[in-house]
Each structure stands twice: as C-alpha cells, then as structure tokens.
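A.B. asks: For reference, the sequence and a predicted model appear below.
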2 protein chains.
Amino acid sequence: MPILTRDEFAYIDWIRKRTPAHPRVRIGPGDDTAAIQVSGDRSLLITTDMLLEGSCFLLDQAGPRSVGRKAMAVNLSDIAAMAGIPTAAVVSVGLPRQNGRAIAEQLHEGLHEMAKMFDVPIVGGDTNSWTGGLVVTVTLLGEATAKGPVTRAGAKPGDWIFVTGPLGGSILGKHLDFVPRVKEALALHQWVDLHAMIDISDGLSADLHHLCEESRCGAVIRSESVPITASARILAERTGRTPLQHALTDGEDFELIFTVAPEDGQRLLDSQPIEGIQLVHLGEMISAGYWIEENGERKTLEVGGYVHHLESGFPESLPIV
Amino acid sequence: MPILTRDEFAYIDWIRKRTPAHPRVRIGPGDDTAAIQVSGDRSLLITTDMLLEGSCFLLDQAGPRSVGRKAMAVNLSDIAAMAGIPTAAVVSVGLPRQNGRAIAEQLHEGLHEMAKMFDVPIVGGDTNSWTGGLVVTVTLLGEATAKGPVTRAGAKPGDWIFVTGPLGGSILGKHLDFVPRVKEALALHQWVDLHAMIDISDGLSADLHHLCEESRCGAVIRSESVPITASARILAERTGRTPLQHALTDGEDFELIFTVAPEDGQRLLDSQPIEGIQLVHLGEMISAGYWIEENGERKTLEVGGYVHHLESGFPESLPIV
C-alpha cells in the first residue's frame, strides 16, 4: 500500500481517536456521511466538503457557476453513497476581493441549480471576502430511508461488486459536470439489499479499498469488466498510461460502488432495473487480499487513486466524511 | 444608515429571493440559524460560519488552537441566540502547506475542547491542504426546545431590551476566548417568555438594528445603561474614541440581546436568576425610530458596527445565518 494511504488512514485514525462514542452518533467519521439520532427513529445524515481554488478547481477555467454546481454535487454524491434523501444545505463562502460580488452571484446560481434538481433548499450560510482565493464549503443534510443508511462497512465475502457507470478521465470535464447518483441509489436500495456502498471520489481502486477496509474484507475484480469512458481513452493517448489505469485510478467519477448478495446481483444483471444506467458487475468480495484478474491471472490491485500531494506530510485532499 | 448596511441587506435580500419557500424550511436565511423540519415536531437548527486567516484571525498571534476554539464557539453562539441545544458538528478545513499537519492537530484540539464543553460530538468533516491560508468552516446542528426557537422577529413595541454582559474592546482578547451563552439562553428561555434574541457579532448597535428590522420595530436605549468592559476603556485610551462608542460598535462580544414583556423584564431585574451573569436592561422596543438617550436627549443610534471593508462592493464579513 503506498505511503499516501497510510498517511490518510493515520490521520483519519487520529481524528477517530479524538471522537469519543456519543449516544447521539450512529455513524461517526470515516464513512461517506455521518449519521446522528434526532427525535424519531430515522437517522439524520450530514456531510460537508470544502472546495479550494487552485487545489480543487481553477476558477478561470471552470467559472464560478460550475464551481457552485460541483460544490453542491459532491455533497449530494455523499448522501447518495448512503442511499439517503438529501433534505437541506448550508453554504459558507470565502470570496476573493476582486469581483467578489459577481463571483458570489454566479456561484450561488450554480449552487441553486444543482440543489433544485434534488429539491434541496439552501437554508443559510456565511459569506466573507478576503485576500485569498475562492473557498466554498457546502454542508448537506439528508435523511436515511426506512431501510436505514448504507455504510461502507457491510460488505461480506462472496458479495458481488457493482459500479453504476464507466470510469476514468473525469478531469476532461465530468469532474465539474456530473449528476450525483441520488435517485439511482434510492431506486437500488428499494430493489435489493445493499450491503455496502461508496461513491468514487478518489478513484475505483482507492475507494473500493476504503470499502474493503471498513468491511474488513478483501476484493477481486476482473480487468475486462471495468467499464471505461471515452474520456479515459482520450486521456490515455496523451499520458501514455492505459485507459484501464485511468479507469482504476482517476478520481472524481462520482459513480457508486456497491456490493450485494449473489442472488441480488443476478437479479440486477437480469433486469437492469435502473433507468438510464447500465449496472456493471466488476468482481467479488473475498475474505482477504486485494486483486485484479487480467487474462485469468491475479495481480495486486494497486491503491493508486487520485493524486495526493504530500508536501509537509499532509494529503492534498482528505475526505474524512 | 451607512452604505455598508444597505449593501449587506441588499445581498441578504438577493439570497432570500433565491430561496423559495419550501415545506421543510421553518426559518430560512436571515436569522442566527435556520430551522428545518425533520421527523417529529421539534425544529432542527443549523448554522455555519467560516473563519479565514488574515480576515477573521491572525494565525501567528492567535495560534491554531484558539482558532479552533473560536470556530466552534461562534457557531455555538448562534445556537444560543435561538435558545437551542447544540447537538452535533462537522468541520471543514483548508490547511496551508507549511506545517499543515501540526496546524491541523492543534486546530482540532481547540475545536474539541470547545465542543466538549457543550457535549457536542464532532461527527465528520473534510480536510484539504492548499497554497492559501488557513480556512475553517464549522457547521453546527442544534435542537429547539419544546418552547420552540427564539428568532430575531418576535419583538414588540413596549418590550424591554436586555443584554447578558458588558460590551466593547473584544479585539483585546475576548473575540478569541469567550464562552458562548448557550446555558444562559436555555435558562432564560425556561424562566421567561423570550420574544426575540440575537447574539452580538457585529456590535450592539448593528445587531440590535438587525433585530429591529426583522421585528419591524424601532428601539430606544439609554447610554448610561450600556454596560462597558474594562477592555473598551483601555482601547478608548488608544483610539481616542469613547468607551461607550466601543461598547456600541465593536464586534464579537458574543453576548445576547433579547427582548421580553415588561412584567418579565421586571422579574429578571428583581431576581437576576442567571448564575454568573448580570442581566442589564438597556431600553425599550418602540414602533419606529432608532435612538440612544444621552442626558435625557434622544439622538439617532448610528448603525456603525464591526468594520466592513467594501473593496469591490462586497462586505468583509456577512453573516447570513
């Protein structure tokens, strides 16, 4: 396992150790969202993501409206990964002094566009200007369905591993312009018994590995089953890497990886019940090991994932929740 | 009214117009927190604040631990201003590359210290490093009590106006080191019928004005009643302004302003029921006008407040919620 993942887990562990068990907390740091108990039986889901200019987006290239859409969409994707229903958002913004008001208005248009698609009211926020770059933090609330939230921790050896769409090359556009799989996750959750789920923000190999860690399982996937985007093929021509490598390790696809019992997996393949998407059976959960099968041969599946910059020993992007 | 307040209200109005009514939203943008309906009868409160290096704090002077404490405390103060019970927090952080890990750990110590004082679990977050300064966003959830949240909008002409402590000069230390009035607000809410409440982040004159705007009332306060801190007196010697001016317009006191019916006001003065604090009767709500009485003479109470920098037409600090 590369050092970056050790660092990431070390930091998450550090946070977890400082997060004592609390009677209100059903799911703490380490999953796609946290879940807390409010009045009534259902869990309240909460997730937050901060986008930083120059690190998560280039403002000149993306424009504030796309940044707004993305800031809302990445949080919606986390609620999707729990098979939850998004309910309300708050937004905090740090605006550059130059053109602050114009940036704020376009940013909010993007935030509202994406929120409206999922009937999510933006109920409040905090806006400041400063000498630094644009920073946007969205915190999104959601509600678990009556079946409860789907965590990363419920996968079992023998489960079939699925993904909701083709992967790789998101940097060519999809990372800024994607529809989070909220509706698909809710439909799947009704259709089958989802054992574990995660959204792909760090890349298939890294995020499936997170799911394995939390479920204390291993996994084996088949290279010929990994669905590859046209963007991954285009990018591969520029980078000299293979399209498969891009599909395994590029981040920000925002598709969902999930596991189900084989019977449910077969039902999904037979019926392909989710409108507009092709569910792909990638491989199986196993008791230990992390493998990719190519031409019938097992190799270690490298936990590459989204490039983390490690200056001063700190990962570039570390989603705790 | 100075142009900065018109700008501020113009921007809040712009946000409000883009926040359509929604059946889940009980209180939208424009109060100390938003309130949304979850399963059950009680409102869920939510508030968010972003602290930015160089604008909201100087990292070298304050140190990351104090910044962490403050980032949590300003949100607790917003929940206090609704007479709510804080329940859970999430934290997003943008870390400078230099010393990122050490800053992160000290910051989290401060966040946890303050959260622990109020039994608030930090349930998740998002941590990134970037080339910019330190940015911390805390989103805090709370629960309204059975009596419901106390908004800014319930004050009536004839109400007595109170404040929970002395004001001014917080820049000399209190702005980084204060205990939010969560417990005091809950005790008051049990003791009397609170009509309206707000915490002082922008300064007494600016925040009482927010309360007037939302309640569609005016106010008159007595200059000799305004409680003044020792810090305001020390600062006045340096600035040439009067201690009263500092008490009226310095920001970040994080005391509460609230209004009650005269009978309840008299009961509070007679019993001073809140341990450790002296409740001060400042003046009265009136149907219109915004006045300060000095030596029996009414003058306009200027809505000065916390200094907003208006380069590029945007306020420095604009707490929408």
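C.D. replies: Structure received.
A.B. asks: Distance-wise, check the residue positioned nearest the centre of chain A relative to A:Ala83.
C.D. replies: Residue closest to the mean C-alpha point of chain A, counted by CA atoms, centre = their mean, is A:Asp199 at 3.2 Å. Distance of A:Asp199 to A:Ala83, given as CB to CB, to the nearest Å: 11 Å. (Glycine included, C-beta is placed from N, CA and C.)
A.B. asks: where exactly do the strands run in chain A?
C.D. replies: A:25-27, A:34-37, A:43-52, A:84-96, A:122-130, A:135-144, A:160-163, A:196-199, A:218-222, A:256-260, A:280-286, A:290-294, A:297-300, A:317-319 (DSSP state E).
A.B. asks: As JSON lines, the ones you listed with mean pLDDT and distance to B:Asn75 would be great.
C.D. replies: Listed next are those as JSON lines, based on pLDDT from 0 to 100; distance: least, CB to CB, whole Å:
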{"stretch": "strand A:25-27", "mean pLDDT": "84", "distance to B:Asn75": "18"}
{"stretch": "strand A:34-37", "mean pLDDT": "84", "distance to B:Asn75": "16"}
{"stretch": "strand A:43-52", "mean pLDDT": "94", "distance to B:Asn75": "13"}
{"stretch": "strand A:84-96", "mean pLDDT": "95", "distance to B:Asn75": "11"}
{"stretch": "strand A:122-130", "mean pLDDT": "91", "distance to B:Asn75": "10"}
{"stretch": "strand A:135-144", "mean pLDDT": "95", "distance to B:Asn75": "11"}
{"stretch": "strand A:160-163", "mean pLDDT": "98", "distance to B:Asn75": "38"}
{"stretch": "strand A:196-199", "mean pLDDT": "97", "distance to B:Asn75": "27"}
{"stretch": "strand A:218-222", "mean pLDDT": "98", "distance to B:Asn75": "40"}
{"stretch": "strand A:256-260", "mean pLDDT": "98", "distance to B:Asn75": "32"}
{"stretch": "strand A:280-286", "mean pLDDT": "98", "distance to B:Asn75": "40"}
{"stretch": "strand A:290-294", "mean pLDDT": "96", "distance to B:Asn75": "40"}
{"stretch": "strand A:297-300", "mean pLDDT": "95", "distance to B:Asn75": "45"}
{"stretch": "strand A:317-319", "mean pLDDT": "37", "distance to B:Asn75": "21"}
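A.B. asks: Kindly reformat these as a markdown table containing distance to chain B.
C.D. replies: As requested, the strands of chain A are exported to a markdown table (distance: least, CB to the nearest CB, whole Å):
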| stretch | distance to chain B |
| --- | --- |
| strand A:25-27 | 5 |
| strand A:34-37 | 4 |
| strand A:43-52 | 4 |
| strand A:84-96 | 4 |
| strand A:122-130 | 3 |
| strand A:135-144 | 4 |
| strand A:160-163 | 23 |
| strand A:196-199 | 14 |
| strand A:218-222 | 25 |
| strand A:256-260 | 19 |
| strand A:280-286 | 25 |
| strand A:290-294 | 25 |
| strand A:297-300 | 28 |
| strand A:317-319 | 5 |
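A.B. asks: a markdown table for those, including distance to B:Thr131?
C.D. replies: Listed next are these as a markdown table, based on distance: least, CB to CB, whole Å:
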| stretch | distance to B:Thr131 |
| --- | --- |
| strand A:25-27 | 33 |
| strand A:34-37 | 29 |
| strand A:43-52 | 9 |
| strand A:84-96 | 14 |
| strand A:122-130 | 14 |
| strand A:135-144 | 12 |
| strand A:160-163 | 34 |
| strand A:196-199 | 27 |
| strand A:218-222 | 36 |
| strand A:256-260 | 32 |
| strand A:280-286 | 37 |
| strand A:290-294 | 34 |
| strand A:297-300 | 34 |
| strand A:317-319 | 14 |
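A.B. asks: quick revisit: quick one: contacts for the residue nearest to the centre of chain A?
C.D. replies: A:32, A:77-78, A:80-81, A:180-181, A:207, A:254-257 (CB atoms under 8 Å, 6 or more residues apart in numbering or on different chains).
A.B. asks: rerun at 6 Å
C.D. replies: Neighbouring residues of A:Asp199 by CB atoms under 6 Å, 6 or more residues apart in numbering or on different chains: A:77, A:81, A:254, A:256.
A.B. asks: In contact with the closest residue in space to the first one that isn't next to it in sequence, which residues?
C.D. replies: The shortest distance from A:Ser77 to any residue other than its chain neighbours is 4.0 Å, reached at A:Pro180 (CB to CB, 6 or more residues apart in numbering or on different chains). Under the criterion of CB under 6 Å, 6+ apart, the contact partners of A:Pro180 comprise A:73, A:76-77, A:80.
A.B. asks: with the residues you listed in mind, which one is nearest to chain B?
C.D. replies: The closest of those to chain B turns out to be A:Ser77 (CB to the nearest CB; 12.9 Å).
A.B. asks: ok, A:Leu268 to A:Glu293 distance?
C.D. replies: Taking CB to CB, one finds A:Leu268 at 21 Å from A:Glu293.
A.B. asks: swap that for A:Leu204, please
C.D. replies: For A:Leu204, the distance to A:Glu293 - CB to CB - is 15 Å.
A.B. asks: Among the two, which residue is more densely surrounded?
C.D. replies: Using other CB atoms under 10 Å in any protein chain shown as the criterion, A:Leu204 and A:Glu293 rank with A:Leu204 on top: 27 against 16.
A.B. asks: returning to that earlier point: which one of the contacts of A:Pro180 sits in the busiest neighbourhood?
C.D. replies: A:Ala80 (32 neighbours).
A.B. asks: just to revisit the earlier point, dump the contacts of A:Pro180 into TSV; add pLDDT as well.
C.D. replies: What follows is these, written out as TSV (pLDDT from 0 to 100):
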residue	pLDDT
A:Ala73	98
A:Leu76	98
A:Ser77	97
A:Ala80	97
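A.B. asks: mind putting these in TSV, distance to B:Ile171 included?
C.D. replies: Below are the contacts of A:Pro180 laid out as TSV (distance: CB to CB, whole Å):
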residue	distance to B:Ile171
A:Ala73	39
A:Leu76	40
A:Ser77	41
A:Ala80	44
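A.B. asks: Go through the residues you listed and flag which are in helices.
C.D. replies: A:73, A:76-77, A:80 (DSSP state H).
A.B. asks: Among those residues, which one lies nearest to B:Thr164?
C.D. replies: A:Leu76 (39.6 Å; CB to CB).
A.B. asks: can you tell me how far A:Val220 sits from B:Ala88?
C.D. replies: Here the criterion is CB to CB. By it, A:Val220 lies 38 Å from B:Ala88.
A.B. asks: And the two? Which one has more around it.
C.D. replies: Set side by side, A:Val220 and B:Ala88 show more neighbours around B:Ala88, with 26 against 17, by other CB under 10 Å.
A.B. asks: Pull the contacting residues for the more buried one.
C.D. replies: B:Ala88 neighbours (CB under 6 Å, 6+ apart): A:36, B:121, B:123, B:141.
A.B. asks: rerun at 10 Å
C.D. replies: Taking CB atoms under 10 Å, 6 or more residues apart in numbering or on different chains as the criterion, B:Ala88 is in contact with A:22, A:24-25, A:28, A:34-38, A:44, A:46, B:115, B:120-124, B:139-143.
A.B. asks: For A:Ile103, give its distance to B:Leu268.
C.D. replies: Taking CB to CB, one finds A:Ile103 at 46 Å from B:Leu268.
A.B. asks: Okay, helices next: where are they in the stretch 201-321 of chain A?
C.D. replies: Using DSSP state H, counting those that start in this stretch, the helices assigned to the stretch 201-321 of chain A run over residues A:204-215, A:230-239, A:243-249, A:262-271.
A.B. asks: Is the first one in proximity to chain B?
C.D. replies: No - applying CB under 10 Å from any CB of the partner chain, one finds helix A:204-215 out of contact with chain B, separated by at least 14.2 Å.
A.B. asks: which one is A:Leu186 nearest to, not counting chain neighbours?
C.D. replies: A:Ala83 (6.1 Å).
A.B. asks: Which pLDDT does the model give that neighbour?
C.D. replies: Model confidence at A:Ala83, given as pLDDT, is 96.
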